[in-house]
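1. let me see the structure of the following:
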Amino acid sequence: MEFKTGDKVVVISGKSRGKEGTITKVLRSENKVVVEGVNIVKKHIKPNGQSAGSIVDVEAPINASNVMMIDPKTKKRTRIGHMIDKNGKKIRISKKSNESLD
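-> Numbers count the residues shown, from 1 in each chain. A predicted model of the protein is given here:
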């Protein structure tokens, strides 16, 4: 998976299709990402000694195949490519504009 925390992405399928947001968490073993403001679900919190029970809105993970990076130059969705820079370091690039994503 080529996504990192802080990447700007757009959802391309599912009930949140078309929404844009920032990745807040990457779950590599499950191939899922948590995107800010996307896939909001209700979570029931059990009461304990300090606080009463409640229902809160939480962002649930979505599959990484359902999101695409936003190109920093064109502001459209793009695929991710890799390139070796002049220092010998592997960097992520946008396939549409060849701009660095790191």
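2. what residues of stretch 39-46 count as buried?
-> N39 (16 or more other C-beta atoms under 10 Å). In short, each C-beta sits where N, CA and C put it, glycine included.
3. same check on stretch 89-102?
-> Buried residues in stretch 89-102, defined by neighbour count with 16+ other C-beta under 10 Å: 92-94, 101.
4. which of those residues lies closest to V58?
-> Set against V58, the nearest of the buried residues of stretch 89-102 by C-beta to C-beta is L101 (27.9 Å).
5. and the closest one, what pLDDT?
-> At L101, the pLDDT value in this model is 87.
6. how about G14?
-> On the pLDDT scale, G14 gets 91.
7. what secondary structure does S65 sit in?
-> Of the three states, S65 takes helix under DSSP: H, G, I helix; E, B strand; the rest coil.
8. list the residues that contact the closest residue to it other than its chain neighbours.
-> Leaving aside its sequence neighbours, S65 sits nearest to N31 (C-beta to C-beta, 6 or more residues apart in numbering; 7.6 Å). Going by C-beta atoms under 8 Å, 6 or more residues apart in numbering, N31 touches 1, 63-65.
9. the spatially most central residue of the chain pairs with what?
-> With distances taken as C-alpha atoms, centre = their mean, I23 lies nearest the centre of the chain, 3.4 Å away. Beta-bridge partners for I23, by DSSP bridges, are V35.
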